[in-house]
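Visitor: kindly return the folded structure for what I paste below:
(one chain, ligands or ions: 1)
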Amino acid sequence: MFTNLKRLGIISGLSATLLLAACGGDTGDDATDNEPVDDTTDTEVNYGEQMNYSITGIEPGAGVFKASENAVEEYELEGWEVQASSSGAMATALGEAYDKEEPIIVTGWSPHWKFAQYDLKYLDDPKGVFGEAETINTMVRDGLEDDMPEAYEVLDNFYWSPEDLEEVMLKISEGANPRDAAQEWIDENEDMVAEWTDGVDEVDGDEIELVYVEWDTEVGSTNMIGLVLEELGYNVTVTPLDNAVMWEAVATGEADAMVAAWLPGTHGDLHEEYKDELVDLGPNLEGAKIGLVVPDYMDIDSIEDLDTK
Ligand code: PBE
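Guide: Residues are numbered from 1 along each chain as shown. Next up, the predicted model:
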């Protein structure tokens, strides 16, 4: 019983009330119950305290990590911190909290398999710190069109839906090796793949390097398009890097391409820095999104309602 109450946050709500009473903040008079209260007490559950004022982050180089730090500042979430971690560790922490119905806030994004696996929601962001819907664009190095016109054309044609990418991600999250998951998706979607490769000549073992970051989205998309290029005869290397290094590698021509540019907001700063040295082949996916994500069972809807220290 006690654990159940505690889990629901009723205990901390209760102690806040007792504290208020002790300070003379609540006279017990019903008429005072509707009066506006201080920001820090306006959610019944003190999630901040329960979560140690900590947002479970991912790699600090990720756009969503930086945006979350901006949110802490913009919403004046005093005492809150975004904890650096990895995408994999974030997902594990989310799964563990979810199984115990404990509160957790993660730096989240869509498409992502976590929405298929758990009931989750984005916290409202009335200040628009996380931006609107985004596209994921394909960027190639200067000169690729001349050097490898076949790969250029396939990369230019590559376009799929969030649901397609989610299918690949879900298979990987269920334990499939990324290449196998990507191959399975290709086998199940031959028509779409045929559209990307339609009329493109085969090549004979030309080497091409795709760079990406080990985020679930990019593991799925990069492995998939890498296999399509392999089928066309390319010798494909896929290299995981840090976000900023990925952008730099394509801008300097050290790598040939990436399918992981989140625009306009998430990678807006990196795009600004490198846009003149890259060839933007446009969106390979539309309807992506980033933000703070919590389990549906949490009694909070907006970043504004997070209680501060
Ligand atoms: N993500 C996944 C990346 C882009 C792709 C949302 C974690 C980021 O925040 O930079």
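Visitor: and the next helix or strand past the helix or strand hosting Ala251?
Guide: Assessed by DSSP states H and E, Ala251 sits inside helix 243-252. The helix or strand immediately downstream of helix 243-252 is strand 257-263, counting by DSSP H and E.
Visitor: where do the strands sit along this structure?
Guide: 54-56, 81-83, 106-110, 120-122, 134-141, 207-212, 235-240, 257-263, 278-295 (DSSP state E).
Visitor: what angle separates the last one from strand 134-141?
Guide: Following axes from the mean of the first three to the mean of the last three Cα atoms, to 10 degrees, one obtains 150 degrees for the angle between strand 278-295 and strand 134-141.
Visitor: list the buried residues for the helix holding Ala251?
Guide: Buried residues in helix 243-252, defined by neighbour count with 16 or more other Cβ atoms under 10 Å: Asn243, Met246, Trp247, Glu248, Ala249, Val250, Ala251. The way it works is simple: take the backbone N, C-alpha and C, and place the C-beta from them, glycine included.
Visitor: what do you get for stretch 175-194?
Guide: Buried-residue list, stretch 175-194, by 16+ other Cβ under 10 Å: Pro178, Ala181, Ala182, Gln183, Trp185, Ile186, Asn189, Val193.
Visitor: again, but for stretch 223-233
Guide: Asn223, Met224, Ile225, Gly226, Leu227, Val228, Leu229, Leu232.
Visitor: export it as CSV, just CAs?
Guide: Output of stretch 223-233 as CSV, limited to C-alpha atoms (Å, rounded to 0.1, in the frame of the first residue of the first chain):
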residue,chain,number,x,y,z
ASN,A,223,22.3,0.4,-42.9
MET,A,224,19.3,0.2,-45.2
ILE,A,225,20.6,2.6,-47.8
GLY,A,226,24.1,1.1,-47.5
LEU,A,227,22.6,-2.3,-48.5
VAL,A,228,20.8,-0.8,-51.4
LEU,A,229,24.1,0.6,-52.7
GLU,A,230,25.7,-2.8,-52.1
GLU,A,231,23.1,-4.4,-54.2
LEU,A,232,24.1,-2.0,-57.0
GLY,A,233,27.7,-3.2,-56.8
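Visitor: off-centre distance for it?
Guide: 25 Å (Cα atoms, centre = their mean, to the nearest Å).
Visitor: contacts for that stretch, please.
Guide: 150-151, 154-155, 158, 168, 178-179, 181-183, 185-186, 193, 196-197, 200, 202-206, 208, 210, 236, 238, 259, 284 (Cβ atoms under 8 Å, 6 or more residues apart in numbering).
Visitor: ok, what's across the strand from the nearest residue to Asp301 once chain neighbours are set aside?
Guide: Nearest non-adjacent residue to Asp301, counting by Cβ to Cβ, 6 or more residues apart in numbering: Asp124, 5.7 Å away. Beta bridges link Asp124 to Ser302 when assigned by DSSP bridges.
Visitor: just the helices in the stretch 101-250 of the chain please.
Guide: 114-117, 144-147, 149-157, 162-173, 178-188, 190-197, 216-231, 243-252 (DSSP state H, counting those that start in this stretch).
Visitor: show me what from the stretch 151-300 of the chain comes close to the ligand.
Guide: Trp215, Thr217, Glu218, Asn243, Trp262, Thr266, His267, Ile290 (Cβ under 6 Å from any ligand atom).
Visitor: contacts only, for the second one.
Guide: To tie it back to what came earlier, the one meant is Thr217. Contact analysis of Thr217 by Cβ under 8 Å, 6+ apart lists Trp109, Pro111, His112, Ile136, Leu165, Met169, Ala260, Ala288.
Visitor: nearest spatial neighbour of Arg141, skipping sequence neighbours?
Guide: In this structure, Arg141 finds its nearest non-sequential neighbour in Gly253, 4.4 Å apart by Cβ to Cβ, 6+ apart.
Visitor: ok so, going back, just flag the most distant two among the buried residues of stretch 223-233.
Guide: Asn223 and Leu232 (15.3 Å; Cβ to Cβ).
Visitor: give me the most central residue, the chain.
Guide: For the chain, the residue nearest the mean C-alpha position is Trp109 (2.7 Å; Cα atoms, centre = their mean).
Visitor: what sits against the residue nearest to it when sequence neighbours are not counted?
Guide: Nearest residue to Trp109 in three dimensions, chain neighbours excluded: Ile290, at 4.5 Å (Cβ to Cβ, 6+ apart). By Cβ under 8 Å, 6+ apart, the contact set of Ile290 is Gly63, Val64, Ala67, Thr107, Gly108, Trp109, Phe130, Gly131, Glu134, Trp262, Gly265, Thr266.
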